[in-house]
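output the structure for:
(one chain, ligands or ions: 1)
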Amino acid sequence: MGLSAQKLQLKPSALGGCRMKKCGKKIPFLPRPIAFFGLALLPALLVAGESGWNTRWTSHFLIHQENTRSAKWIGAEMEKIFRCLRKELWTLSSWMDTEKVEVYLYKDRNSYLEGRFKPPAWSGGIVYNCGRRGAQWSLAVYEPFCPRTVAHELTHLYFASFFKRAPARIPLWLNEGLAEMMVEETAGRVKSSYRPHVNEPLPAAVFLKLKKIPDPDSVQDFYSQAHSVVRFLKKANSPFKFEKFCRQLRDGEDVERALFSAYGFGSAEQFEKTWKKWAAPSGSGK
Ligand SMILES: [Zn+2]
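Numbering: from 1, shown residues only. Here you go, the predicted model:
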């Protein structure tokens, strides 16, 4: 079976803006977007080209490593990331406790691009869903292993599973904002008083409806605002409200109606006023 059964492919606009910070270097924006594809018959077995790989089992992952000399700590690092993600995502992805995600860790970017997933050249990782129980979800990334990238992309994976039947209903800001929030959470440096700095936020009525990032120069502003809005919705309110909000979106409500239903905000402007009050700098950071 080829790779044509793309049941879960998100809109390109919802993928193209994904960027990740490069590990270990102060390069603020290294685009490392991820692609989502659904495969009808993706076997949960290694194919011939991966027969020499190392495979490690952890509690929640089946990790295939092309570089057989890769450090063993990667499994422990994946579980550390998982434990942090679970705190925030379990109610949306309860299967995460019982089913393992298959992780394909290519030795480098070239090998990843030439691998069996045939990822788009622009992607920094790719998520597959084969639609069957057991090993339903796969994540392919490449070395050097970057915890920030894995946390970001795994968040997309678990969150997409909640919207499984309707991935196009995930607003861009919600998808990227949640992933960015989890990157910070897994880094372990976040205090409850933390407020992401947002430089010149867009009006909520515009921001909440964005299908793509307005222009390359506004990438940082978009991600900061998305992170702040999601952190406000998820951490400054009951988690049940966030779950209800997501369920409403999944069931076809538009963002403003879902905000009203879950949080009681009567309009985008009312939401914006409350969010800005919460987001205002108070002198405390991470
Ligand atoms: Zn992303």
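
any idea how far the nearest residue to Glu243 once chain neighbours are set aside lies from the ion?
Nearest non-adjacent residue to Glu243, counting by Cβ to Cβ, 6 or more residues apart in numbering: Thr91, 5.2 Å away. In this view, the C-beta of every residue, glycine as well, is placed from N, C-alpha and C. Computed with Cβ to the ion, to the nearest Å, the distance linking Thr91 and the ion is 21 Å.

host element of Thr91?
Here Thr91 is covered by no helix or strand, with elements defined by DSSP states H and E.

what about it, how many residues close to it?
12 (other Cβ atoms under 10 Å).

my read: it touches Ser238, true?
No - if you go by Cβ atoms under 8 Å, Thr91 and Ser238 don't touch, sitting 11.3 Å apart.

hmm, who's touching stretch 232-243?
Stretch 232-243 is contacted from outside by 88, 91-92, 178, 181, 192, 245, 262-263, 275, 278-279, using Cβ atoms under 8 Å, 6 or more residues apart in numbering.

for the helix or strand containing Glu79, buried residues please.
Here Glu79, judged by DSSP H and E, is contained in helix 73-89. Neighbour-count burial for helix 73-89 flags 74-75, 77-78, 81-82, 84-85, 88-89 (criterion: 16 or more other Cβ atoms under 10 Å).

past that helix, which element shows up next along the chain?
Heading C-terminal from helix 73-89 (DSSP H and E), you reach strand 101-106.

downstream neighbour of that following strand in the secondary structure list?
helix 109-114.

pull out the buried residues from the contacts of stretch 232-243.
88, 92, 178, 181, 245, 262-263, 275, 279.

what is the most widely separated pair among the residues you listed?
The largest distance within the buried ones among the contacts of stretch 232-243, taken as Cβ to Cβ, falls between Leu92 and Ala279 and amounts to 23.7 Å.

which helices and strands sit right next to the helix holding Glu79?
strand 61-65, helix 147-162, helix 172-187 (3 or more Cβ pairs under 8 Å, 6 or more residues apart in numbering; DSSP states H and E).

let's have those in CSV, adding distance to Ala140 and mean pLDDT.
As requested, these are exported to CSV (distance: least, Cβ to Cβ, whole Å; pLDDT from 0 to 100):
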stretch, distance to Ala140, mean pLDDT
strand 61-65, 9, 94
helix 147-162, 9, 92
helix 172-187, 17, 95
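
pretty sure Glu102 sits against Phe61.
Yes - taking contacts as Cβ under 8 Å, Glu102 lies within contact range of Phe61: 7.5 Å.

what's the domain layout of this structure?
12-168, 172-279 (automatic domain parsing).

comparing the ones you listed, which yields the minimum mean pLDDT?
Among the domains of the chain, domain 12-168 carries the lowest mean pLDDT, a mean of 77.

and that one, how far out from the chain's middle?
The chain centre lies 10 Å from the centre of domain 12-168; the measure is Cα atoms, centre = their mean, to the nearest Å.

where do the helices sit along the stretch 151-286 of the chain?
Listed in chain order, the helices found in the stretch 151-286 of the chain under DSSP state H, counting those that start in this stretch are 172-187, 204-207, 219-235, 239-250, 255-263, 268-279.

would you mind finding the most buried of the ones you listed?
helix 172-187 (a mean of 23; mean count of other Cβ atoms under 10 Å).

packing partners for it?
By 3+ Cβ pairs under 8 Å, 6+ apart, helix 172-187 packs against helix 12-15, helix 73-89, helix 147-162, helix 219-235.

which one of the ones you listed lies closest to the ion?
helix 147-162 (5.5 Å; Cβ to the ion).

distance of Pro59 relative to Ser267?
You called it Pro, but residue 59 is Ser. 45 Å (Cβ to Cβ, to the nearest Å).

do the same with Asp254
Applying Cβ to Cβ to Asp254 and Ser267 gives a distance of 13 Å.

mind listing what Asp251 touches?
With Cβ under 8 Å, 6+ apart, Asp251 has no contacts at all.

same check on the one 5 residues further on?
Contacts for Glu256 were tallied using Cβ under 8 Å, 6+ apart; they are 208, 267-268.

can you redo these as JSON lines with distance to Ala166?
Formatted as JSON lines, these follow (distance: Cβ to Cβ, whole Å):
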{"residue": "Leu208", "distance to Ala166": "18"}
{"residue": "Ser267", "distance to Ala166": "25"}
{"residue": "Ala268", "distance to Ala166": "22"}
